[in-house]
Each structure stands twice: as C-alpha cells, then as structure tokens.
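Undergrad: structure for this input, please:
(chains A and B)
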Amino acid sequence: MTAMLELRQVSKVYGSGPTRVHALWEVDLTVDGGELVAVMGPSGSGKSTLLTIAGSLEEPSAGEVLVDGSALAGMTRNQRARLRRRLIGYVFQDFNLLAGLTAVENVALPLELDGLGQRAARAVGLAALDELGLADHADRFPDELSGGERQRIAIARAVVGDRRLLLADEPTGALDSVNGEAVMRLLRAACKRGVAGVVVTHDAQLASWADRVVFLRDGRAVDQTARPPGPESLLAPRPNR
Amino acid sequence: MSVRHALLALLTEGPKYGLQLRHEFETRTGEVWPLNVGQVYTTLQRLERDGLVESDDPEGDGPQKGFRITPAGGQELAEWLHTPPGTVAPPRDELVIKVLVAISVPGVDVHELIQVHRRHLVELMQHYTYVKAEAAEHDVGLALVVDAELFRLEAVVRWLDAADTRLTSLPAASPVPASAVPARRRHRLEVRR
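TA: Residues are numbered from 1 along each chain as shown, chains lettered A, B, ... in the order given. Below you'll find the predicted structure:
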C-alpha cells in the first residue's frame, strides 16, 4: 500500500551564516490513508514548517516529500498547485472561510477552482457536508455559525471531492474544550473514511485523538507513541514505565 | 473517589442489590474506575452499621440481599455533595521528585527523561480519549469521568513541558544548591510541603 504522505530525511534551513536556523532536521514521517497522526511539540519546534512542507506550500532544503506516491521535487509549480487543489485539504486555527459565501459555497469553492461546474461542485459540496452530518448548515453564512460549526465546515472543505490528505494546524486552538472535541470527532471520522490526517499541535488533549503521536523537538522527530489506542488495550492494566 | 457516597447516590434511585450496585457504578464511570465486589459489600456493611442504608435482612448475607438508602443516608449524601473536596496537592509529587533528582544525577539526560514520561502520559490520554470517542456521544457520565482524567493528565504534561523549557533556557542545567536558596524562602517552601 502506498503511503498518502511520506517525508524522507526532510530538513529545512532558514537564513545563512550566523543567523542560520535549522527548522527541521532529517525528519522521517509516513502517514497512511485512514490514519490520524498528531505532531506534537512546543513553539519553535518546527511543527508548522513540517506542515507547510508536507502540503507543498514550501520546499525542503534537503530530503524528499511524496504525496500519494508522487515526489513533489519532480513536479512543476503548476503540477504542485494542481496536486494541492485535488488531494490536499488544509484546516487552520482561524477557519479561513470566505465571509461572502455560504457554507456549501465555501466547501465547493476548491472544486470550482479546479474546473468543475458550479452545479456539480455544489452537489459534491453538499455530499461532503451531508457525510459529516452538517447538511443543515449548507446555506448559512460563516457569521451565522458558531466557531465550532465554522471549523467543522472548514473540515468538510478540506476533505471535499477526492482530497485524501488533511493537514491541520492547531484546529481547535480558538475553541472551548467541548467544541474542540466536536471538531476532533469530525476529523477522526474523516480519517476513518480513508483520509490521511496530520494535526500539528502543542496541546496534549488534541494530540490524544490521534492514532499515533510524533514528538518534535528542535526540528527533530525525537519520539512517538508506541501503538494506536484500541479495544485490546481498553481494560488492560497500564504498565508503569 | 468516595465509593461510600457513590453507592449512596445510586441507592437514591431505589433499592438495589450489591452486584447491581457494582455493575451500575462501573457502567456509569466507563469502567475507568473498576470496583471490586468485596469493596462494595464491605462499604455496604459499614453504611448499614452507620444507619445510612438498611437492608431487607440485616442478619442475612449474599448477593440477594437488597439495600435502600435511609433519610440519614440522604442527608449524608447532600452534605458530601456540597462540601468542597481537598484541593491540597499530595505532599510530594513523585514525578516532580524524579525530575529534580535527574537534574543532579550525572549521566542522566533530563530532557530525554521528561520525554519518556511525556510519552507515557500521552499514551494514557490516547487510551482515555479512545474510550470517550467510542462511547455514545450522549453518555454524559462517562464523558465527565474521562474528561476529569484527561484534564488531570494534561496538567502533568503541561508541567513537563514547562520544566523542559525552563531547563533548556538555563545556561547550564546545574542544580541550585540548597545553600543558595535564602533561608526564609527555604522555610516557606518547607511549610507549603
């Protein structure tokens, strides 16, 4: 099975000479379809850089990035933009919905930008909202929705159509814990349907929704959790390390 | 966790058997707090002795013995619900001591040690979040119990994160000798302990 996202020995250096900063250092990360991975680390650990490189918004200084088996380095700028529109969805802390468009128009927008007709895009957008239990919000504008609802619409937009890689940067940062939980339930549900998800966060509660947590420190992936939580571990005694 | 008061609370719904009480306690707490059947019967015996519950057959024994709450039991429960719980931290937190000790032990990488504990805590949090995620969304009792565990563990992770950052920002992570702490401050720290 081809991994949906693969980072091989990815490094990123900003600046030069005495101001040279290693934001990422030889990071390996593989995320399969259906898997939700959290990348956890403090401010300045390289989390956001990792996400922008994974989403082809920035190029690594060294190493390779593969999305759905295709190496980004071999692509032209247009090819990368096309891949972003077709396969990759982004979720940001501040929702980034367009205020003048309804929920379904926001969700359908990337499809229209990719050349799909307005009616067809709306139909696919409605299907995405319906699949995530948000159909009744379709014709509401962002300012008619709560923060939690807006973020759930942003997730629907991130997975609309054939998008199979969802990248989220502190997606619950602006929400209270109960609304944050609703967003994480939805993200988890999207991944259970086959989407590969990467969430970067400093928040352990948010990270605990993931199947796997990778710990980033000073640009290096230093550790990860041992096994995905599952029914076999439910009532098992927890060993003290 | 007061098993005594949890049992009284369950009995406010009507008379129940010991095994039934154990089952309901575990179901409502999402099996996060397993309860041993011996503990249930010992607690019920003490509650009966104190006049807070009464049974069908005070002399009898066994699983078919039913219990009901008395008016004194109802009053005890109400008083307990309104009394603030102890908020004083345990006198010595083992994890804090481990990190403090690690700073002064040669050859121990304190950041690596912190990461080992952080990973263990996050794995525990994943476990509890899984329990919550798999449960029905309307199972409020379970969500409350699991949230309590998650917030408690998150606080420990945040303390580790803060410790990690503090120790990184020190020019050299050398321990501060006790003699360097002014006597007055030492005394204050000791009193708080």
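Undergrad: low-confidence bits of the chain, can you list those?
TA: All of this refers to chain A. Applying pLDDT under 70 to chain A flags the ranges A:1, A:227-241.
Undergrad: chain B was what I was after
TA: In chain B (pLDDT under 70), the answer is B:1, B:30-31, B:58-63, B:89-91, B:171-193.
Undergrad: now the helices for it?
TA: Ranges of helices within chain B are B:3-11, B:18-28, B:37-49, B:71-82, B:94-104, B:110-134, B:140-169, B:183-192, based on DSSP state H.
Undergrad: which of the three states applies to A:Leu7?
TA: strand (DSSP: H, G, I helix; E, B strand; the rest coil).
Undergrad: what about the residue nearest to it when sequence neighbours are not counted, helix or strand, and which?
TA: Excluding the flanking residues, the one nearest A:Leu7 by C-beta to C-beta, 6 or more residues apart in numbering or on different chains is A:Leu29, at 4.3 Å. (Glycine included, C-beta is placed from N, CA and C.) Under the criterion DSSP states H and E, the helix or strand holding A:Leu29 is strand A:21-31.
Undergrad: what's the first helix or strand after that strand?
TA: Following strand A:21-31 toward the C-terminus (DSSP H and E): strand A:36-40.
Undergrad: which outside residues touch that following strand?
TA: With C-beta atoms under 8 Å, 6 or more residues apart in numbering or on different chains as the test, strand A:36-40 has contacts from A:29, A:31, A:47, A:50-51, A:187-188, A:191, A:196-204, A:206-216, A:221, B:122.
Undergrad: domain-wise, how is chain B divided?
TA: B:3-82, B:94-192 (automatic domain parsing).
Undergrad: that older thread, any chance of TSV for the helices of chain B, columns distance to chain A and mean neighbour count?
TA: Conversion of the helices of chain B to TSV gives the following (distance: least, C-beta to the nearest C-beta, whole Å; neighbours: other C-beta atoms under 10 Å in any protein chain shown):
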stretch	distance to chain A	mean neighbour count
helix B:3-11	19	20
helix B:18-28	10	17
helix B:37-49	16	16
helix B:71-82	23	14
helix B:94-104	10	14
helix B:110-134	4	20
helix B:140-169	4	16
helix B:183-192	27	9
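Undergrad: tell me which of these lies nearest to A:Arg150.
TA: helix B:110-134 (22.1 Å; C-beta to C-beta).
Undergrad: what angle do the closest one and strand A:36-40 make?
TA: Orientation of helix B:110-134 against strand A:36-40 (axes from the mean of the first three to the mean of the last three C-alpha atoms, to 10 degrees) gives an angle of 150 degrees.
Undergrad: which helices and strands does helix B:110-134 pack with?
TA: helix A:204-207, strand A:212-217, strand A:220-224, helix B:94-104, helix B:140-169 (3 or more C-beta pairs under 8 Å, 6 or more residues apart in numbering or on different chains; DSSP states H and E).
Undergrad: residues in contact with the shortest one?
TA: I take that to be helix A:204-207. A:38, A:40, A:170-172, A:177, A:180, A:184, A:199, A:201, A:213, B:121-122, B:125, B:129, B:150-151, B:153-154, B:157-158.
Undergrad: how about 7 Å then?
TA: A:38, A:40, A:172, A:180, A:184, A:199, A:201, A:213, B:122, B:125, B:150, B:154, B:157 (C-beta atoms under 7 Å, 6 or more residues apart in numbering or on different chains).
Undergrad: what do you get for the third one?
TA: Contacts of strand A:220-224 from elsewhere in the structure, counted by C-beta under 7 Å, 6+ apart, are A:25, A:27-29, A:212-215, B:115, B:119.
Undergrad: give the buried residues for stretch A:182-192.
TA: A:182-191 (16 or more other C-beta atoms under 10 Å in any protein chain shown).
Undergrad: and for stretch A:81-98?
TA: For stretch A:81-98, the neighbour count (16+ other C-beta under 10 Å) marks A:83-85, A:87-92, A:95, A:97 as buried.
Undergrad: now, which of these lie within helices?
TA: Of the buried residues of stretch A:81-98, the ones assigned to helices by DSSP H are A:83-85, A:87.
Undergrad: hmm, A:Cys195 is touching A:Leu166, no?
TA: Small correction: residue A:195 is Val, not Cys. Yes - counting by C-beta atoms under 7 Å, A:Val195 touches A:Leu166, with 5.2 Å between them.
Undergrad: which residues do those two both contact?
TA: Shared contacts of A:Val195 and A:Leu166, counting by C-beta under 7 Å, 6+ apart, come down to A:Val159.
Undergrad: so which of those two has more stuff around it?
TA: Under the criterion of other C-beta atoms under 10 Å in any protein chain shown, the comparison of A:Val195 against A:Leu166 puts A:Leu166 first, with 25 against 22.
Undergrad: need the three-state assignment for that one.
TA: Applying three-state DSSP: A:Leu166 is strand.
Undergrad: rewinding a little: and A:Gly125, which of the helices of chain B is closest to it?
TA: A:Gly125 lies closest to helix B:110-134 among the helices of chain B, at 26.5 Å (C-beta to C-beta).
Undergrad: now that closest one against strand A:212-217, angle please.
TA: Using the same axes, to 10 degrees: helix B:110-134 against strand A:212-217 is 150 degrees.
Undergrad: tell me the angle helix B:110-134 makes with strand A:220-224.
TA: In terms of direction (the same axes, to 10 degrees), helix B:110-134 departs from strand A:220-224 by 60 degrees.
Undergrad: quick one: distance of helix B:110-134 to the chain centre.
TA: Offset of helix B:110-134 from its chain centre (C-alpha atoms, centre = their mean, to the nearest Å): 17 Å.
Undergrad: repeat that for stretch A:59-76.
TA: Using C-alpha atoms, centre = their mean, the distance between the centre of stretch A:59-76 and that of its chain works out at 17 Å.
Undergrad: and what of stretch A:39-48?
TA: 14 Å.
Undergrad: next one: stretch A:105-121
TA: 20 Å.
Undergrad: how about stretch A:32-44?
TA: The answer for stretch A:32-44 is 9 Å, by C-alpha atoms, centre = their mean.
Undergrad: need the strands for chain A, in chain order.
TA: For chain A, the strands defined by DSSP state E occupy A:5-14, A:21-31, A:36-40, A:62-67, A:70-71, A:88-91, A:165-169, A:196-201, A:212-217, A:220-224.
Undergrad: for the second one, packing partners?
TA: What that stands for is strand A:21-31. For strand A:21-31, the elements it packs on are strand A:5-14, helix A:47-54, strand A:220-224, judged by 3 or more C-beta pairs under 7 Å, 6 or more residues apart in numbering or on different chains; DSSP states H and E.
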